[in-house]
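*Asks:* predicted model, plus sequence, below.
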Amino acid sequence: MTLFLLRRLLQGAIVVVVMSLVVFIGVYAIGNPVDILINPDATPEIKQQAIERLGLDRPFLEQYGTFVVRALQGDLGRSFIYDEPALKLILQAMPATLELAIASMVLALVFGIPLGMAAGYWPDSWGANVIMTGSILGFSLPTFWVGLMLIVLFSVELGWLPSGGRGETVVVFGVPLSFLTWNGLTHLFLPALNLALFKISLVIRLTRAGMRETLQQDYIKYARSKGLSRHRVVFVHAFRNILIPIVTVLGLEIGSVIAFAVVTETVFSWPGMGKLIIDSINVLDRPVVVAYLMLTVVMFVVINLLVDLTYSLVDPRVRLGGRPR
């Protein structure tokens with residue numbers, strides 16, 4: 001286990017270093033922030049002062065080296081627009097994004113697993129056909145269009161739920177949370193559902209495939225021959241093995257949900273990291289963009305490590321050290 005952790009930490013460090021260079025090159029090549037930050041009618045002297053103040057007059061390698069040295073000290077740069085540390089801005093928006101991502105994954109599990117198990121246990125029923133057809137729609141429909149349709153239906157036509165914003169929050173250990181108030185929960189539901197639709201479809205298909213495969217295994221047939229109830233066979237013996245691929249895939253999907261919640265946050269005006277990065281890209285706020293992308297890379301590395309550890313706990317047959325049990 002110790003050797004595995006050390007190896008994965010080394011691999012993660014290499015990934016972070018390589019991605020920092022790729023991200024910095026990509027962001028460095030996008031436009032000139034001075035063109036947006038400075039009035040076009042400003043004198044060349046004022047523009048030059050702004051360029052020097054932002055450090056944009058230095059060679060690329062020097063800028064990257066400065067970024068790396070400061071990043072190792074926990075400083076990912078200072079926002080050109082807000083004149084605040086970029087990491088501070090992202091951390092302020094992170095609770096909203098994490099809350100949205102976790103809520104969407106909970107919805108994916110709550111709806112996806114039961115529907116997938118039903119479709120796998122009765123694969124030829126009309127209900128299974130309806131469920132699988134719905135999963136295809138969940139994969140196919142564009143997220144932004146679904147979000148707009150949800151707003152039109154539930155906010156404009158029915159007036160049941162708000163169309164945007166985060167609503168009332170409760171501060172817990174310095175972190176504002178929406179789901180602890182009814183108003184916040186009503187604001188959270190639509191964006192979480194919109195973000196969860198693709199994941200619900202994914203969980204349905206994973207669970208259905210796992211159920212159909214597991215029910216054919218010898219230990220399931222043996223359990224049935226012993227006279228165990230259908231409920232015990234399905235929810236005790238089969239369910240644990242079904243969870244293994246679901247945990248693996250959804251663990252990786254958490255990172256993608258956090259990273260790619262941009263569309264949902266934009267459609268529903270959810271004040272998270274996605275909306276912040278879109279606003280920063282529009283004004284070429286390079287430090288915020290770089291900090292966001294680097295934080296996303298670190299998230300993926302950490303989540304991948306946690307998935308591997310969780311996988312070994314769910315399936316005792318797996319040994320992370322590489323030796324059989």
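*Replies:* Cool, got the structure. Numbers count the residues shown, from 1 in each chain.

*Asks:* check what pLDDT residue 130 gets.
*Replies:* Note for residue 130: predicted pLDDT of 90.

*Asks:* wait, what's in contact with residue 95?
*Replies:* 175-177 (CB atoms under 8 Å, 6 or more residues apart in numbering). Where you see a C-beta, it was placed from the backbone N, CA and C, and this is true even at glycine.

*Asks:* what of residue 238?
*Replies:* 211, 214-215, 220.

*Asks:* what's the farthest-apart pair in the residues you listed?
*Replies:* Farthest-apart pair in the contacts of residue 238 is 211 and 220; separation 10.3 Å (CB to CB).

*Asks:* ok, these two, which is more surrounded?
*Replies:* The neighbour comparison of residue 211 against residue 220 (other CB atoms under 10 Å) goes to residue 211, with 23 against 17.

*Asks:* roughly how far does the more buried one sit from residue 288?
*Replies:* Going from residue 211 to residue 288 by CB to CB, to the nearest Å gives 45 Å.

*Asks:* would a markdown table of the contacts of residue 238 with pLDDT be doable?
*Replies:* Listed next are those as a markdown table, based on pLDDT from 0 to 100:
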| residue | pLDDT |
| --- | --- |
| 211 | 82 |
| 214 | 77 |
| 215 | 74 |
| 220 | 71 |
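
*Asks:* tell me which entries of these lie within helices.
*Replies:* 211, 214, 220 (DSSP state H).

*Asks:* tally of neighbours for the second one?
*Replies:* By the criterion of other CB under 10 Å, residue 214 has 19 neighbours.

*Asks:* these two touch, right, it and residue 242?
*Replies:* Yes - under the criterion of CB atoms under 8 Å, residue 214 makes contact with residue 242 at 6.0 Å.

*Asks:* how about the closest residue to residue 212 other than its chain neighbours, what does it touch?
*Replies:* Leaving aside its sequence neighbours, residue 212 sits nearest to residue 120 (CB to CB, 6 or more residues apart in numbering; 4.8 Å). By CB under 8 Å, 6+ apart, the contact set of residue 120 is 128, 207-212, 215.

*Asks:* list the buried residues of the helix or strand residue 120 falls within.
*Replies:* Applying DSSP states H and E as the criterion places residue 120 in helix 86-121. Buried residues in helix 86-121, counted by 16 or more other CB atoms under 10 Å: 86-87, 89-90, 93-101, 103-105, 107-109, 111-113, 115-121.
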